[in-house]
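Engineer: Sequence plus predicted model, see below.
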Amino acid sequence: MKHGAKTRASSDPSSGAGKPRQIAQVAIKAKGLTKDYGSGENLVHALRGVDVEFEQGRFTVIMGPSGSGKSTLMHTLAGLDTVTSGHVYLNADAAGVKGRRTSRHGGRRGVVDLTKLNDNQLTLLRRQSLGFIFQSFNLLPMFTAKQNILMPLILDGAKPDTAWLDVLAKTLGLEERLSHRPSELSGGQQQRVAIARALITKPSIVFADEPTGNLDTASSTEVLSFLRDSVRELGQTIIMVTHDVFAASFADRALVFADGRIVADQDRPTMDSMNALLSEEVMASTATADSAAHR
Ligand SMILES: Nc1ncnc2c1ncn2[C@@H]1O[C@H](COP(=O)(O)OP(=O)(O)O)[C@@H](O)[C@H]1O
Ligand SMILES: [Mg+2]
């Protein structure tokens with residue numbers, strides 16, 4: 001089988017029928033992104049000016065301490081939360097967004113500024129091309145696992161792709177659980193249902209907020225390998241928050257977040273390199289956060 005592992009440099013005209021692959025295209029990027037929550041005494045600067053690009057067909061992890069803004073970045077990139085200032089540009093051509101485009105907002109053809117879209121436009125665009133695996137699953141309690149997984153297709157009026165459902169259920173070990181409701185599933189199983197739901201539409205960009213947080217090592221490894229393979233085989237862009245250096249070692253790139261900013265950006269992370277990088281960051285932040293910690 002064909003492997004896309006080291007084809008970042010340019011499009012490859014021999015890579016099958018249709019359009020040549022355009023590996024180094026930017027799938028989504030944030031420019032000067034800030035996000036404040038609350039006001040007055042309760043004001044929190046969750047994002048303090050983030051500039052970052054994510055290339056299509058790459059698997060990036062985001063690490064960093066709790067409260068550093070990782071989930072906020074994911075939510076604002078995916079258009080699930082508004083921004084305080086800055087822009088989120090989605091490459092709509094690469095993302096396969098159908099219908100009329102609001103390209104003028106981005107200044108370039110095919111580029112959509114998500115911060116300029118209304119709720120309806122965002123909902124449609126998300127359904128077509130973005131998948132989100134939430135930290136807290138967000139499954140619908142009244143529906144079975146299978147119905148939850150197929151929900152994005154049902155909402156979009158699309159025909160359920162049963163072959164793909166079978167692949168997802170098998171890979172995620174859910175074959176025997178499809179008729180169960182969320183309350184009848186363990187945390188790990190609910191997590192895997194949430195993963196299948198995010199992948200059922202084969203979205204061009206997948207956002208995953210600690211998707212292996214509730215899984216044991218064996219299921220984590222399967223899920224991570226599956227995500228990595230889907231980057232290689234479907235050319236998907238994956239952005240995943242994790243606390244786990246083992247999970248990070250599956251990625252092509254790792255960002256480290258601290259206090260609303262990106263403080264490190266590393267290619268081909270390994271467990272050793274991430275452990276070293278994270279302990280450097282902890283050292284640096286304990287020096288500055290020392291006084292705050294005493295409050
Ligand atoms: N809905 C919200 N309302 C108020 N503050 C929030 C909200 N969501 C996040 N925050 C705050 O923003 C900061 C960043 O949070 P978050 O993005 O969830 O961090 P992480 O995912 O890295 O743990 C934290 O200080 C958090 O308390
Ligand atoms: Mg979080």
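Structural biologist: Done, it's in. Numbering: from 1, shown residues only. Ligands and ions are numbered 1, 2, ... in the order given.
Engineer: Now that we're looking at Pro160, what pLDDT does it have?
Structural biologist: Pro160 carries a pLDDT score of 85 in this model.
Engineer: can you pull the contacts of it?
Structural biologist: For Pro160, the contact set (Cβ atoms under 8 Å, 6 or more residues apart in numbering) comprises 150, 153-154. For glycine as for every other residue, the C-beta is placed from the backbone atoms N, C-alpha and C.
Engineer: Would you mind giving these as CSV with secondary structure, distance to ligand 1 and neighbour count added?
Structural biologist: Below are the contacts of Pro160 laid out as CSV (DSSP: H, G, I helix; E, B strand; the rest coil; distance: Cβ to the nearest ligand atom, whole Å; neighbours: other Cβ atoms under 10 Å):
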residue, secondary structure, distance to ligand 1, neighbour count
Leu150, helix, 29, 22
Leu153, helix, 29, 18
Ile154, helix, 29, 13
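Engineer: Tell me the residues of the stretch 51-200 of the chain that contact ligand 1?
Structural biologist: Residues of the stretch 51-200 of the chain lying near ligand 1 by Cβ under 6 Å from any ligand atom: 66-72.
Engineer: Can I have the buried ones of those as a ChimeraX selection?
Structural biologist: In ChimeraX syntax, the buried subset of these is picked out as below (16 or more other Cβ atoms under 10 Å):
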select :68,69,70,71,72
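Engineer: Inside helices: which ones of the residues of the stretch 51-200 of the chain next to ligand 1?
Structural biologist: 70-72 (DSSP state H).
Engineer: which residue ranges form the helices in the stretch 1-150 of the chain?
Structural biologist: 70-77, 92-95, 119-129, 145-155 (DSSP state H, counting those that start in this stretch).
Engineer: The second one packs against which elements?
Structural biologist: Secondary-structure packing of helix 92-95 (3 or more Cβ pairs under 8 Å, 6 or more residues apart in numbering; DSSP states H and E): helix 119-129.
Engineer: Any buried residues in the helix it packs on, and which?
Structural biologist: 121-122, 125-129.
Engineer: rewinding a little: and the residues of the stretch 51-200 of the chain next to ligand 1, which is closest to Trp164?
Structural biologist: Closest to Trp164 out of these is Ser71 (27.8 Å), distances taken as Cβ to Cβ.
Engineer: Now the closest one. Nearest residue, chain neighbours left out?
Structural biologist: Excluding the flanking residues, the one nearest Ser71 by Cβ to Cβ, 6 or more residues apart in numbering is Asp209, at 5.6 Å.
Engineer: burial count for that neighbour?
Structural biologist: 22 (other Cβ atoms under 10 Å).
Engineer: Gly157 too?
Structural biologist: 7.
Engineer: Quickly find the element holding it.
Structural biologist: Assigned by DSSP states H and E, Gly157 falls within no helix or strand.
Engineer: That one and Arg197: what is the separation?
Structural biologist: Using Cβ to Cβ, to the nearest Å, Gly157 is found at 17 Å from Arg197.
Engineer: ok, back up a step: report the lowest-confidence entry in the buried residues of helix 119-129.
Structural biologist: Within the buried residues of helix 119-129, pLDDT is lowest for Gln128, at 82.
Engineer: Quick check: that one touching Asp156?
Structural biologist: Yes: counting by Cβ atoms under 8 Å, Asp156 is a contact partner of Gln128 at 7.4 Å.
Engineer: Can you pull the residues that touch both of these two?
Structural biologist: In contact with both Gln128 and Asp156: Thr201, using Cβ under 8 Å, 6+ apart.
Engineer: shaky segments in the chain?
Structural biologist: Counting by pLDDT under 70, the chain has low-confidence residues at 1-24, 98-109, 288-295.
Engineer: does the residue nearest in space to the middle of it sit in a helix, a strand or a coil?
Structural biologist: Nearest to the mean C-alpha position of the chain, counting by Cα atoms, centre = their mean, stands Phe207 at 1.5 Å. Per DSSP: H, G, I helix; E, B strand; the rest coil, the local secondary structure of Phe207 is strand.
Engineer: Identify the bridge partners of it.
Structural biologist: Note on Phe207: beta-bridge partners by DSSP bridges are Phe132, Ile239.
Engineer: contacting residues for it?
Structural biologist: By Cβ under 8 Å, 6+ apart, the neighbours of Phe207 are 74, 77-78, 130-133, 239-240.
Engineer: What separation do you get for it and ligand 1?
Structural biologist: Distance from Phe207 to ligand 1, counting by Cβ to the nearest ligand atom, to the nearest Å: 12 Å.
Engineer: One more: Val231?
Structural biologist: Counting by Cβ to the nearest ligand atom, the gap from Val231 to ligand 1 is 22 Å.
Engineer: In this structure that residue contacts Gly57, no?
Structural biologist: Yes: counting by Cβ under 8 Å, Val231 does reach Gly57; the two are 6.2 Å apart.
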